[in-house]
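Enquirer: give me a 3D structure for the following:
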Amino acid sequence: MAATVEELYRNYGVLADAKDDISQHKDAYQGILDGVKGGPKEKRLAAQFIPKFFKSFPELADAAINAQLDLCEDEDVSIRRQAIKELPQFATGENLPRIADILTQLLQSDDSAEFNLVNIALLSIFKMDAKGTLGGLFTQILQGEDIVRERAVKFLSSKMKTLPDEVMTKEVEDYIFTESKKVLEDVTGEEFVVFMKILSGLKNLQTVSGRQQLVQLVAEQAFLEQHLNPADADSVDRLLQCTRQAVPLFSKNVHSTRFVTYFCEHALPNLSTLTSPVAELDIQLEVLKLLAEMSPFCGDMEKLEVNLTKLFDKLLEYMPLPPEEAENGENSGSEEPKLQFSYVECLLFGFHQLGKKLPDFLIDKLNAERLKDFKIRLQYFARGLQVYIRQLRAALQGKTGVALKTDENKIKVVALKITNNINVLIKDLFHNPPSYKSTVTLSWKPVQKAEAAGQKRSTSEDTTSSSPPKKPTLLPKRDARQIYNPPSGKYSGNIGDFTYEQRGGFSGRGRGWGGRGNRSRGRIY
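Expert: Residues are numbered from 1 along each chain as shown. Coordinates of the predicted model:
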């Protein structure tokens, strides 16, 4: 039987006046619980009175929580808001994970005020018991329906960084890491990126061992123990996204060896046949960029010579021989080969980095004929570079500020970085024996502050030391061939910043990135 407003106020008075004897007035509290069966006025009062005396009647705890949950689902939005606002008062002892679970489910609300109240309530119980609250959140992330899962993940990613250190203890961070590993067994590509950002922000994982754990976690997600099927766009996309998350974790103490090895053994041999679900993506350039970024942090590689040979062979594919000449010294009429500078920058940089580990590769590991062939290709490429560098500098001469921000000039600035980088690396390899001492900043990476501070030249003469070779013997004499006419189409359309993140994404969730079935609808408190 529903209680009236008068009965609710009378029962409230009995309990408020009872003080130490309150437990003897169980009937009065039951009368308040019956208020949820009344009209709007009775329900609003019940939403306030039930939590106020909740702790005094542990034997009615389940009944009280269920009564409040009925109010959280009422058709009247004002009653729902009042009931949700009071939910943290039920979060005591063993009830807290249940309340966290309930609040997480309530994140699916489309009412903005109601949604904000749920967020506030979750944060308040987070500060009471972070681990217990996380238990409720992760239960719904692992088992809840898609909309609840999505919003619970978003809550974690946005609120974790706002919590004080006294809440985010080592024990709590360890729990987040353990539960996140369970979630990562069944995620979409977008969720994977979000969870990696959450985990990367944990203080516990800022150490070398913590970063190594994260790299191991990403390696498991990337399926590096499996062969890569270049025709499977989702598998290729998965590899790229996982590697993209691993790259910021690498350092001199956290090695990229496993990833670099996989790229050399599986991605490079299949480079031309790789497919991607993102139509506009230059998949080959993306792979080469990632390989270049990882190569400085490669540790001891088990099959170094074999993999360096694979990298060298792929580099040769993009460094053509000069066109044949007729007897009179003129071009024989064969088409000038196209030079793909963006690709060559990545491959040459990677070869230069791994070559440091086997410095006699070009001298002792190649036969004389192959070495001669390589130097001819380097010479031809170097001549083209000199012409292009001069043209780019002339085009950018005197341009500053707004003028450098036009799309055309932005491309030229990046193109100058690319050609300068390649020029520096080629000069190193022309040394006898080849040198691996020069350092360059990859064209799509920001210039380090210390490096930038030391540069005195104008933007048009940016960015790495790249003056023409000082030793004329390194290149053919000027009259040995026609002046080089730069070919068209030498840059990829993606020569700017590396912005590939979660475009297209993995299809669905599952260990094969397959779909997760939708969970049943309705309340599962």
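
Enquirer: looking at the protein, which helix is longest?
Expert: Secondary structure of the chain per DSSP state H: the longest helix is helix 368-396.

Enquirer: list the helices and strands whichever helix or strand comes after that helix packs on?
Expert: Following helix 368-396 in sequence order, the next helix or strand is helix 407-430 (DSSP states H and E). Under the contact criterion of 3 or more C-beta pairs under 8 Å, 6 or more residues apart in numbering; DSSP states H and E, helix 407-430 touches helix 341-355, helix 368-396. For glycine as for every other residue, the C-beta is placed from the backbone atoms N, C-alpha and C.

Enquirer: turn the ones you listed into TSV, including mean pLDDT and distance to residue 277.
Expert: Listed next are the helices and strands packed on helix 407-430 as TSV, based on pLDDT from 0 to 100; distance: least, C-beta to C-beta, whole Å:
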stretch	mean pLDDT	distance to residue 277
helix 341-355	96	22
helix 368-396	91	34
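
Enquirer: closest one to residue 316 among these?
Expert: helix 368-396 (6.7 Å; C-beta to C-beta).

Enquirer: could you say what helices and strands that closest one packs with?
Expert: helix 304-317, helix 407-430.

Enquirer: need these in TSV with mean neighbour count, can you?
Expert: Shown next, in TSV, are those (neighbours: other C-beta atoms under 10 Å):
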stretch	mean neighbour count
helix 304-317	17
helix 407-430	21
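
Enquirer: please identify which of those helices is closest to residue 73.
Expert: Among those, helix 407-430 sits nearest to residue 73 (C-beta to C-beta), with 54.0 Å.

Enquirer: CA atoms of that closest one as PDB?
Expert: What follows is helix 407-430 as a C-alpha-only set of coordinates in PDB (Å, rounded to 0.1, in the frame of the first residue of the first chain):
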ATOM      1  CA  ASP A 407      49.600  25.000 -48.800                       C
ATOM      2  CA  GLU A 408      52.000  25.200 -51.700                       C
ATOM      3  CA  ASN A 409      54.800  26.600 -49.500                       C
ATOM      4  CA  LYS A 410      54.100  24.200 -46.700                       C
ATOM      5  CA  ILE A 411      54.700  21.400 -49.100                       C
ATOM      6  CA  LYS A 412      57.900  23.000 -50.300                       C
ATOM      7  CA  VAL A 413      59.200  23.400 -46.700                       C
ATOM      8  CA  VAL A 414      58.600  19.700 -46.000                       C
ATOM      9  CA  ALA A 415      60.100  18.800 -49.400                       C
ATOM     10  CA  LEU A 416      63.200  20.700 -48.400                       C
ATOM     11  CA  LYS A 417      63.500  18.800 -45.100                       C
ATOM     12  CA  ILE A 418      63.100  15.500 -47.000                       C
ATOM     13  CA  THR A 419      65.800  16.300 -49.600                       C
ATOM     14  CA  ASN A 420      68.100  17.800 -47.000                       C
ATOM     15  CA  ASN A 421      67.800  14.600 -44.900                       C
ATOM     16  CA  ILE A 422      68.500  12.300 -47.800                       C
ATOM     17  CA  ASN A 423      71.500  14.400 -48.800                       C
ATOM     18  CA  VAL A 424      73.000  14.200 -45.400                       C
ATOM     19  CA  LEU A 425      72.600  10.400 -45.200                       C
ATOM     20  CA  ILE A 426      73.900   9.800 -48.700                       C
ATOM     21  CA  LYS A 427      77.000  11.800 -47.900                       C
ATOM     22  CA  ASP A 428      77.600   9.600 -44.900                       C
ATOM     23  CA  LEU A 429      77.300   6.400 -47.000                       C
ATOM     24  CA  PHE A 430      79.800   7.800 -49.600                       C
END
